[in-house]
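# Please find the sequence and the predicted model below.
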Amino acid sequence: MKQVGIFGKRKSGKSALMYALTKQKIIQDAAFSAMEISGITRVMLVDTVGVDVEGSTAEESAQSVEVALMLITDDSFELELAWISKLRKAGSSIIVVISQADKFPDGGQALAAAVREVSGLKTFCVSSQTGAGVIELDEEINRLLGSRD
Ligand SMILES: Nc1nc2c(ncn2[C@@H]2O[C@H](COP(=O)(O)OP(=O)(O)OP(=O)(O)O)[C@@H](O)[C@H]2O)c(=O)[nH]1
Ligand SMILES: [Mg+2]
């Protein structure tokens, strides 16, 4: 089964995002007719221990995920950039998530632009609390998984 890993520092919102994405899937699937069931791709979402924790489970997961979500919550994201290179080397497709976006007056747009500039990666501003950006993130995950078939 394909794996999507959720990476980020402690308390960056990894578990909340995992729940938000799962809930999104269930709602979406329930909205589809039974005819759509054969088209459902089974994906394993992998929550990890913070990338700022020594000997984190993130180390193992980095080697086995098709798609990696890297959560960023503030403008000190050096460690996250280092992990992005590590994930790239391991062959994962990477999506940057500005997590807890509801906490930013601008919804995380400025931070997203800054990360996009240095990493060249697509960035999504997401709030697991309000649900903002969750559908768009889910679509991008599915697009990347599809492109890796
Ligand atoms: N405002 C806001 N708070 C959030 C959001 N997502 C998570 N939180 C809060 O941030 C805290 C950490 O969230 P978690 O999902 O547990 O973060 P985590 O990265 O899994 O944390 P660890 O597993 O301990 O490393 C909790 O108090 C959440 O309620 C969000 O989108 N918006
Ligand atoms: Mg957690």
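Cool, the structure landed. Numbers count the residues shown, from 1 in each chain. Ligands and ions are numbered 1, 2, ... in the order given.
# in the sheet, who's paired with residue 68?
residue 5, residue 94 (DSSP bridges).
# That one: neighbour count?
Residues lying near residue 68 (other C-beta atoms under 10 Å) number 27. All C-beta spots, glycine's among them, are computed from the backbone N, C-alpha and C.
# Could you pull out the helices in the chain for me?
Using DSSP state H, the helices of the chain run over 14-31, 58-61, 78-89, 109-119, 134-147.
# where does residue 52 land on pLDDT?
Per-residue pLDDT puts residue 52 at 95.
# can you tell me which residues contact the residue nearest to it when sequence neighbours are not counted?
Among residues not flanking residue 52 along the chain, residue 9 sits closest, at 4.6 Å (C-beta to C-beta, 6 or more residues apart in numbering). When contacts are counted by C-beta atoms under 8 Å, 6 or more residues apart in numbering, residue 9 touches 50, 51, 52, 71, 73, 79, 80.
# touching ligand 1 at all, stretch 134-141?
No - applying C-beta under 6 Å from any ligand atom, one finds stretch 134-141 separated from ligand 1 by no less than 9.5 Å.
# Quick one: neighbours of residue 136, just the number.
Neighbours of residue 136 using other C-beta under 10 Å come to 12.
# same thing with residue 44?
Neighbours around residue 44, by other C-beta under 10 Å: 12.
# Does it touch residue 1 like I think?
Yes - at 5.0 Å, residue 44 counts as touching residue 1 under the criterion of C-beta atoms under 8 Å.
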